[in-house]
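Engineer: Any chance you could fold what I've pasted below:
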Amino acid sequence: MFRAIAEEKHFGRAAQRLFMGQPSVSQQLQRLEAEVGVRLVHRSSRKVELTAAGVVFLREVEMIFADVERAVRLARQVAAGREGALRVATNYPASRLLLLPLLEQLRRTEPQLGMLLREMSTTDQVPAIARGDLDLGLVYGPVDHPEVSARHLLEVPVVATVRAGHPLSEKTTLSYQEIGRHRYLTGYRGGGTRIEEALLNTAARHGVRLVPSHGINESSGYLLELEATDAIGFSSALRGEQNRASGMHVLRLTPTEPQLQIQVAWRRQAEEPAVNIVVEHLVRLAEDARRGG
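Structural biologist: Just a heads-up that it's a prediction; the model follows:
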């Protein structure tokens, strides 16, 4: 009732909207004001306006309605069996930095909310989100798609990787000028371009023009090519640590490390309370990771 009065600013229109008589609306408002203990509405022959207390009361009422609507949607999702099947894809660094701690949090705070997980490239994730094949993605940004919304979470550096025994394997850092004096692979054919873009753009800011250079057609072949040749490869720092565990050598790029944006992405038109819950958790985890990093 109060919400209708506040939106219509007219007792007659509010009564029509509520299918009530105008005297009944006025009586209910009086009872509400008596219960709250303050006047919520200024009444005059010409208009109805909220008091300062009424404005605050309306804001709190709207928040309660939003919480109730969210609870209803979640309950309907559970009844329909949708909870426990949120389809989420991630890239490698996001899975280590954000997804693993996210799953631990959700086990404690949202035990009814499970996920179907897979690792996918940003190139594959974004169109899958737009089609509705994925509910949520952890991708490299920026995301530029009319049907996909995204929110920035954090950044991770790009590093160089070479095989053991490579002429650069005794070094710990690598300048952009040195990259140009060796064979290098900015990616594999058909793969994503975010690492390549970050590398080439950062090199250009330091006056070095690197030309895109791709290895063979798939990521596994790309890694084999790095292990078998004197090419330089590039990856996120976390993927670099995985490569180091496999016997590869990792070099930090200097004087400025390229940065990869990690973003959370979801379908713009989707009304999924579960997605909103996960996004909120991810934003808090990213804040914690930045403070800890």
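Engineer: Quickly list what the residue nearest the centre of the chain is bridged to.
Structural biologist: Nearest residue to the geometric centre of the chain (Cα atoms, centre = their mean): residue 264, 1.7 Å. Using DSSP bridges, the beta-bridge partners of residue 264 come out as residue 138, residue 151.
Engineer: Can you name the residues that contact it?
Structural biologist: 136, 137, 138, 139, 150, 151, 153, 278, 279, 282, 283 (Cβ atoms under 8 Å, 6 or more residues apart in numbering). Just so you know, the C-beta spots here come from the backbone N, C-alpha and C atoms, and that holds for glycine as well.
Engineer: what about 7 Å?
Structural biologist: 136, 138, 150, 151, 153, 279, 282 (Cβ atoms under 7 Å, 6 or more residues apart in numbering).
Engineer: Can you get me a residue count around residue 285?
Structural biologist: Neighbour count of residue 285, defined by other Cβ atoms under 10 Å: 20.
Engineer: which stretch of helix or strand covers residue 154?
Structural biologist: Using DSSP states H and E, residue 154 sits in strand 148-162.
Engineer: That should have said residue 287, apologies.
Structural biologist: Per DSSP H and E: helix 273-292 holds residue 287.
Engineer: Dump that helix to PDB, restricted to CA.
Structural biologist: The C-alpha trace of helix 273-292 is given here as PDB (Å, rounded to 0.1, in the frame of the first residue of the first chain):
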ATOM      1  CA  PRO A 273      20.100 -14.800  -9.000                       C
ATOM      2  CA  ALA A 274      22.700 -17.500  -8.700                       C
ATOM      3  CA  VAL A 275      24.900 -15.700 -11.200                       C
ATOM      4  CA  ASN A 276      24.600 -12.500  -9.100                       C
ATOM      5  CA  ILE A 277      25.600 -14.400  -6.000                       C
ATOM      6  CA  VAL A 278      28.700 -15.900  -7.600                       C
ATOM      7  CA  VAL A 279      29.700 -12.500  -9.100                       C
ATOM      8  CA  GLU A 280      29.500 -10.900  -5.700                       C
ATOM      9  CA  HIS A 281      31.700 -13.600  -4.200                       C
ATOM     10  CA  LEU A 282      34.200 -13.300  -7.000                       C
ATOM     11  CA  VAL A 283      34.500  -9.500  -6.600                       C
ATOM     12  CA  ARG A 284      35.300  -9.900  -2.900                       C
ATOM     13  CA  LEU A 285      37.800 -12.700  -3.600                       C
ATOM     14  CA  ALA A 286      39.500 -10.500  -6.200                       C
ATOM     15  CA  GLU A 287      39.700  -7.600  -3.700                       C
ATOM     16  CA  ASP A 288      41.400 -10.000  -1.200                       C
ATOM     17  CA  ALA A 289      43.800 -11.300  -3.900                       C
ATOM     18  CA  ARG A 290      44.800  -7.800  -4.800                       C
ATOM     19  CA  ARG A 291      45.500  -6.800  -1.200                       C
ATOM     20  CA  GLY A 292      47.400 -10.100  -0.700                       C
END
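Engineer: Report the distance from that helix to the chain centre.
Structural biologist: Relative to its chain's centre, helix 273-292 lies at 8 Å (Cα atoms, centre = their mean, to the nearest Å).
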